[in-house]
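Asks: coords below, sequence missing:
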């Protein structure tokens with residue numbers, strides 16, 4: 001038994017996710033479905049209005065660009081985007097989900113003309129919860145759970161990206177002196193507390209653009225983009241002094257640091273090997289000191 005037009009429309013109207021019909025000149029032609037009120041605001045008040053009058057200019061233009069790509073390719077386009085209900089003029093923003101929401105949109109060019117204009121069906125699905133879960137899992141995979149710092153995986157994943165831009169960059173490899181003795185004497189819970197305090201102390205000496213990483217155990221890395229040699233040395237010495245001045249909890253600690261400038265085009269492995277060499281020179285020299293690879297000599 002074939003469904004009547006009225007029955008088909010009834011089915012469409014009860015879809016949990018909404019479908020917008022948008023004309024090529026940027027008008028809302030129709031709104032279908034979207035009955036899942038915990039996920040969507042009612043889009044019916046948008047019918048007959050222009051995207052440019054309803055959305056922020058940048059987002060309206062982005063939607064028009066996606067539509068143009070769908071028309072040009074004749075194929076379904078899949079996009080993801082963020083949108084808050086307060087950004088949309090003309091709807092009841094207080095009903096439905098609040099705050100910035102994440103959506104998946106599928107744009108399908110329609111074969112018929114609407115008042116002589118091409119149109120797309122923009123099918124929307126609220127994926128905010130899935131997106132937040134993905135972000136949390138990503139952070140877990142990139143973060144050291146004890147200190148809250150980035151981990152070694154994050155360092156290698158983002159190393160080249162952080163080096164982009166003008167100016168040289170530097171690397172500091174640092175290691176807490178005699179940390180094993182703290183664990184052996186006071187226990188691992190106290191050792192964990194020392195690692196957290198140490199990490200907070202060092203982070204306070206750094207810029208927002210610096211990448212501070214726990215690479216393993218009591219060893220850490222700091223990537224400092226767009227920094228000169230003298231500033232790099234000042235930062236390393238400032239870290240050394242700040243750690244030595246920390247309140248003894250349960251005992252004073254010190255840190256040894258190996259520093260080097262990063263040469264254009266060299267591999268991350270070569271940089272790490274050189275920083276590691278100078279870190280161990282600092283340790284062999286008596287610890288609680290900075291050893292620097294002076295590339296000018």
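Replies: Nice, I can see it. Bear in mind the structure is a predicted one, so any value in this text is a computation, not a measurement.

Asks: now do the helices in this structure.
Replies: Using DSSP state H, the helices of the chain run over 5-13, 51-54, 57-73, 128-142, 152-162, 179-186, 188-203, 229-244, 268-284.

Asks: what comes into contact with the fourth one?
Replies: Right, the one you point to is helix 128-142. 80, 97, 101-103, 150-151, 153-154, 157 (CB atoms under 8 Å, 6 or more residues apart in numbering). Glycine gets a C-beta too; all of them are placed from N, C-alpha and C.

Asks: count of residues packed around the residue nearest to residue 106 when sequence neighbours are not counted?
Replies: Of all residues not flanking residue 106 in the chain, residue 123 sits nearest, at 4.5 Å (CB to CB, 6 or more residues apart in numbering). By the criterion of other CB atoms under 10 Å, residue 123 has 19 neighbours.

Asks: what residues are bridge-paired with residue 123?
Replies: residue 19, residue 106 (DSSP bridges).

Asks: check what pLDDT it gets.
Replies: Model confidence at residue 123, expressed as pLDDT, equals 95.

Asks: from residue 12, how far out is it?
Replies: The spacing between residue 123 and residue 12, counted by CB to CB, to the nearest Å, is 11 Å.

Asks: any low-confidence regions in the stretch 101-250 of the chain?
Replies: By pLDDT under 70, the low-scoring segments of the stretch 101-250 of the chain are 166.

Asks: how about residue 192, what does it touch?
Replies: residue 146.

Asks: and it, how far from residue 274?
Replies: Distance from residue 192 to residue 274, by CB to CB: 30 Å.

Asks: and for residue 261?
Replies: From residue 261 to residue 274 the distance is 10 Å (CB to CB).

Asks: would you check how far apart residue 124 and residue 118 are?
Replies: 20 Å.

Asks: so between those two, which is more surrounded?
Replies: residue 124 (20 against 17).

Asks: need the contact list for that one.
Replies: 17-20, 34, 40, 103-105.

Asks: same deal with residue 181?
Replies: Counting by CB under 8 Å, 6+ apart, residue 181 has no contacts.
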